[in-house]
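Novice: Predicted model follows, preceded by the sequence.
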Amino acid sequence: RRRLLRLLASAPASSDGQRAWATAMCSSRPFRLPARAEGRGGRTAFVPFLDMANHAASPNCEVQGAGGAPGAFEAVALVATRSLD
């Protein structure tokens, strides 16, 4: 996220409002996915609508990366962490 915010600070924008919107999106919407390979950090990903899920005080799911080549993800999944009876 820090890298995205640094890029936004130097990127051209049509208006201050557009820059503020983009900064808000980069500050609040991306997910940090776990690393897939030893020694590599996780990746930041924007996942539309998934950021609106699981706002409970006691979460019952988590976001996970799935599939893809070593060190990368092909998809993102919302996975239950306990029974949802």
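Specialist: Now that the structure is in, tell me what you want to look at.
Novice: Show me what the spatially most central residue of the chain is bridged to.
Specialist: Centroid-nearest residue in the chain: Phe31, 1.9 Å away (criterion: CA atoms, centre = their mean). Beta bridges link Phe31 to Ala45, judged by DSSP bridges.
Novice: Am I right that it is in contact with Asp51?
Specialist: Yes: here Phe31 lies in contact with Asp51, judged by CB atoms under 8 Å, at a distance of 7.3 Å. To be clear about C-beta, it is placed using only N, CA and C from the backbone, and glycine gets the same treatment.
Novice: quick one, what contacts Gln76?
Specialist: No Gln there; residue 76 is Val. Shown in contact with Val76 (CB atoms under 8 Å, 6 or more residues apart in numbering): 31, 33, 45, 47, 50, 63-66.
Novice: Quick check: it vs Ala45, distance?
Specialist: Distance, Val76 to Ala45, by CB to CB, to the nearest Å: 6 Å.
Novice: residues bridging contact with these two, i.e. touching both?
Specialist: Joint contacts of Val76 and Ala45 (CB under 8 Å, 6+ apart) are 31, 33, 65.
Novice: does the last one sit in a helix, a strand or a coil?
Specialist: Applying DSSP: H, G, I helix; E, B strand; the rest coil to Gly65 yields a three-state assignment of strand.
Novice: Which of the helices or strands spans the residue lying closest to it once chain neighbours are set aside?
Specialist: Residue nearest to Gly65 in three dimensions, not counting chain neighbours: Phe73, with 3.4 Å by CB to CB, 6 or more residues apart in numbering. Here Phe73 sits in a region with no helix or strand, counting by DSSP states H and E.
Novice: show me what contacts Phe73?
Specialist: 33, 36, 43, 45, 65-67.
Novice: Go through those and name the one nearest Ser83.
Specialist: Nearest to Ser83, judged by CB to CB, of the contacts of Phe73 is Ala66 at 21.0 Å.
Novice: okay, now the closest one: neighbour count?
Specialist: Ala66 is flanked by 11 other residues according to other CB atoms under 10 Å.
Novice: In contact with it: list those residues for me.
Specialist: Ala66 sits next to 73-77 when contact means CB under 8 Å, 6+ apart.
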